[in-house]
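> next comes the sequence, and after it the predicted model I'd like to discuss.
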Amino acid sequence: MPSASFPPTARLHLPSEYADALAGRRIGRGALFAVTATKLKPVDQTTDTLADASTARLGLIMAKRHAKLATTRNALKRVIRESFRLQRLELPAADYVFRLHKRIDICSLTALKRLARAEADAHFARARSITTASR
């Protein structure tokens, strides 16, 4: 059984990769995040892209206008990355972008992490169910 990891090939790096993923299908929109996904294209051997058509990749957009404190933004990113790391091998091969779409209300960081984890898990479950239903 392969171990759950988050290698550099499982991340979006270039602005063009984010643009392609944001132009894709919306998976869902919850209390905190809007999630979009696009299917991966085959790897072009002539260019030096990090795209791997066999795995899911993750991109995160946490705007400062929605979460003023860096600790809040970093905590949200850590929670989503951890959820993705544990589910990456079960997800369909696509580029997933989590975008914070709403201003964070004042609450404890622990409560915010719990809410973010529950929402991330729900979005990933929806991504799995969408692809199994379309097969």
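Everything's here; your move. Numbering: from 1, shown residues only.

> so residue 104 versus residue 11, what's the distance?
23 Å (Cβ to Cβ, to the nearest Å). Placement of C-beta: from N, CA and C, glycine included.

> nope, residue 62 is what I was after
Using Cβ to Cβ, we find residue 62 at a distance of 14 Å from residue 11.

> tell me which of those two has more neighbours.
residue 62 (20 against 16; other Cβ atoms under 10 Å).

> residues contacting the more buried one?
Residue 62 makes contact with 73, 76-77, 100 under the criterion Cβ atoms under 8 Å, 6 or more residues apart in numbering.

> again with residue 96
For residue 96, the contacting residues are 21, 27, 35-37, 56-59, 84, 124, 127, by Cβ under 8 Å, 6+ apart.

> in helices, which of those fall?
Taking DSSP state H as the definition of helices, those contribute 21, 84, 124, 127.

> the residues you listed, buried ones only, as a PyMOL selection?
Only the buried members of the ones in helices among the contacts of residue 96 enter the following PyMOL selection, criterion being 16 or more other Cβ atoms under 10 Å:
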select buried, resi 21+84+124+127
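
> tell me how far stretch 14-27 lies from the chain's centre.
11 Å (Cα atoms, centre = their mean, to the nearest Å).

> same question, stretch 97-116
Chain-centre distance of stretch 97-116: 15 Å, with Cα atoms, centre = their mean.

> stretch 61-74 now?
In terms of Cα atoms, centre = their mean, the centre of stretch 61-74 is set 16 Å apart from its chain centre.

> what comes up buried for that stretch?
Under the neighbour-count criterion of 16+ other Cβ under 10 Å, stretch 61-74 has 61-62, 66-67, 72-73 buried.

> among these, which lie within strands?
Among these, the members found in strands (DSSP state E) are residue 61.

> export stretch 32-42 as PDB, just CAs?
Output of stretch 32-42 as PDB, limited to C-alpha atoms (Å, rounded to 0.1, in the frame of the first residue of the first chain):
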ATOM      1  CA  LEU A  32     -15.600  28.900   3.400                       C
ATOM      2  CA  PHE A  33     -14.400  27.500   0.100                       C
ATOM      3  CA  ALA A  34     -15.300  27.300  -3.600                       C
ATOM      4  CA  VAL A  35     -13.800  24.300  -5.200                       C
ATOM      5  CA  THR A  36     -13.100  23.900  -8.900                       C
ATOM      6  CA  ALA A  37     -11.600  21.000 -10.800                       C
ATOM      7  CA  THR A  38     -10.400  20.300 -14.300                       C
ATOM      8  CA  LYS A  39      -9.300  17.000 -15.700                       C
ATOM      9  CA  LEU A  40      -5.600  16.700 -16.400                       C
ATOM     10  CA  LYS A  41      -4.300  16.700 -19.900                       C
ATOM     11  CA  PRO A  42      -1.700  14.100 -20.900                       C
END
